[in-house]
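K.L.:
Requesting a structural model of the entry that follows:
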Amino acid sequence: MSDAAGSSPARPAHWWQRAWVRYGALCTLLALSGLVILALVREQTGTQGFLVGLGLAVLPVPLLIAAFRWLDRVEPGPWRNLLFAFAWGACAAALIAIVANSFATRWIATATADPAGADTLGATVVAPVVEESAKAAAVLLVFLFRRRDFTGILDGVVIAGVTATGFAFTENILYLGTAFGADQVTGGSGIPSVTAATFFVRIVMSPFAHPLFTVLTGIGFGISALSTERQRVRRVLLPLSGLLLAMGMHALWNGSSALGEFGFLAVYAAFMVPVFGLLTWLVVWTRQRELHTVRAELPAYVIAGWLGPVEPHALGLMRARRIARRYARRHGGKQAARAVAEYQAFATSLAVLRHRGRLGRARGDFVQREGELLRELWHRRAVARPALEYAARATAPPPPVLVWHPGAAAYGHIPAQGHGYAYGPAYPQGHGYEYGYGGNPYLG
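P.N.:
This next block holds a predicted model:
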């Protein structure tokens with residue numbers, strides 16, 4: 001009897017395990033959440049207040065999305081992840097926050113018979129816990145179900161930041177719409193109005209507040225993604241630690257209004273701005289580390305014949321990447337530029353994958369994933385290689401300088417006294433190919 005006859009047939013997947021069912025359920029959940037949150041906000045602000053709040057709240061969104069997308073340019077994740085993150089923050093997380101915060105605040109007010117104290121406790125304790133947990137759920141879902149797209153700190157920062165941007169967008173509609181309604185009742189207008197003050201505080205001074213809090217959670221998930229599968233305790237504790245830090249920073253920010261007239265400004269200057277600067281430095285440094293990984297890991301594929309000799313250099317510099325995309329667009333149009341951008345992203349993913357494998361952190365599907373990435377590169381090589389070779393030539397180091405020293409005894413020999421012909425600094429090595437003294441290989 002053959003093995004085929006003796007083996008049992010593969011079981012068909014259950015209906016709830018099918019991709020279209022999961023996508024449909026998720027889209028339905030987000031759509032229903034969006035409709036409910038729209039109705040709640042419109043009920044609280046009124047139609048006119050909702051439209052004013054919407055028009056003002058949308059202003060910082062493109063800038064924040066562009067900033068997070070810029071951080072993700074080395075190894076950009078798929079747009080569907082960003083769309084999910086923003087929709088979750090704006091719809092599901094916002095709905096959870098409104099319902100849970102309102103319920104908890106009313107319960108505390110009833111239990112303590114102190115409405116003012118309940119509002120303070122709700123803002124400084126309940127809201128940070130509820131809101132950061134609701135936003136962290138999006139990061140967790142991407143981490144669990146889009147694991148291939150979640151490979152490090154930058155991925156956690158981007159998903160968390162975009163989720164928080166969506167959440168802040170909905171929250172700003174609510175605050176600005178309510179402020180506009182208050183001005184309609186009191187007759188306030190212009191700079192002294194409540195709407196103008198709310199706009200200045202939430203849109204001008206602190207558009208990054210919610211992203212800043214949730215990015216701490218994203219960093220925890222990002223570091224966890226760098227851990228091996230055996231480090232289970234670390235993989236759990238790091239995201240929880242990031243979430244707790246996010247809650248603490250959020251609580252400090254919300255509680256600043258209770259610290260006196262200048263409490264908000266003190267917390268803003270002493271904590272928010274320095275933490276924002278520190279996190280900005282961290283993510284930029286992490287992006288440079290990814291570029292270094294590209295330059296260090298891809299030469300192995302040059303030796304194997306998958307990549308051209310100059311590609312590790314061209315793929316490991318942001319300037320060379322931009323030049324390659326512009327060259328492709330100029331000579332092949334938008335489709336060619338897109339192919340080059342995809343080539344760069346797949347090459348970066350390949351370098352990161354190899355780096356993880358070399359450190360013993362590879363997942364069980366390492367070989368399969370490596371093969372997939374190499375095939376994606378191979379399909380785009382005809383368009384990408386000319387652009388990358390041009391970018392490599394454009395960003396190549398200067399050629400060695402030939403200096404004449406009087407009294408030279410021989411060509412290419414440097415006597416003890418420093419006389420004779422001498423070449424300038426040699427080209428760096430270690431990119432998978434060597435730069436010799438005979439000229440620039442990029443110009444050959």
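K.L.:
these two touch, right, residue 130 and residue 98?
P.N.:
No: here residue 130 lies out of contact with residue 98, judged by Cβ atoms under 8 Å, at a distance of 9.5 Å. In short, each C-beta sits where N, CA and C put it, glycine included.
K.L.:
list the helices and strands the helix or strand where residue 214 lies packs on?
P.N.:
Mapping residue 214 onto the secondary structure by DSSP states H and E places it in helix 209-225. Judged by 3 or more Cβ pairs under 8 Å, 6 or more residues apart in numbering; DSSP states H and E, helix 209-225 is in contact with helix 127-145, helix 153-186, helix 232-255, helix 273-297.
K.L.:
Buried residues, it. List them.
P.N.:
Of the residues in helix 209-225, those with enough neighbours to count as buried (16 or more other Cβ atoms under 10 Å) are 209-225.
K.L.:
check which helix or strand covers residue 76.
P.N.:
When secondary structure is defined by DSSP H and E, residue 76 falls outside every helix and strand.
K.L.:
Report the separation between the closest residue to it other than its chain neighbours and residue 314.
P.N.:
Spatial nearest neighbour of residue 76, chain neighbours left out: residue 345 (5.4 Å); criterion: Cβ to Cβ, 6 or more residues apart in numbering. Summarising the geometry, the distance separating residue 345 from residue 314, computed by Cβ to Cβ, to the nearest Å, is 14 Å.
K.L.:
Settle it for me: which of the two has more neighbours?
P.N.:
Each of residue 345 and residue 314 had its neighbours counted (other Cβ atoms under 10 Å), and the higher figure belongs to residue 314 (31 against 20).
K.L.:
what about the longest helix in the protein?
P.N.:
Looking only at the chain and at elements set by DSSP state H, the helix with the highest residue count is helix 318-358.
K.L.:
how many degrees apart are it and helix 209-225 in direction?
P.N.:
Taking axes from the mean of the first three to the mean of the last three Cα atoms, to 10 degrees, one finds that helix 318-358 is oriented at 40 degrees with respect to helix 209-225.
K.L.:
Report the angle between helix 318-358 and helix 273-297.
P.N.:
Helix 318-358 and helix 273-297 meet at an angle of 80 degrees, taking the same axes, to 10 degrees as the criterion.
K.L.:
packing partners for helix 318-358?
P.N.:
Packing partners of helix 318-358 (3+ Cβ pairs under 8 Å, 6+ apart): helix 273-297, helix 311-315, helix 366-394.
K.L.:
Now do the first one: everything it contacts.
P.N.:
Okay, so that is helix 273-297. Applying Cβ atoms under 8 Å, 6 or more residues apart in numbering, the set of residues contacting helix 273-297 from outside is 71, 73-75, 152-154, 157, 208, 212, 215-216, 219, 249, 312-313, 315-318, 347-348, 350-352, 354-355, 358, 430-431.
K.L.:
Kindly report the same for the shortest one.
P.N.:
Residues outside helix 311-315 that contact it (Cβ under 8 Å, 6+ apart) are 294-295, 298-299, 302, 320-321, 324, 344, 347-348, 351, 385, 388-389, 391-392, 395-396, 431-432.
K.L.:
For the residue most central in space within the chain, give me its contacts.
P.N.:
Nearest residue to the geometric centre of the chain (Cα atoms, centre = their mean): residue 158, 2.0 Å. The contact partners of residue 158, taken as Cβ under 8 Å, 6+ apart, are 68-69, 71-72, 77, 82, 218.
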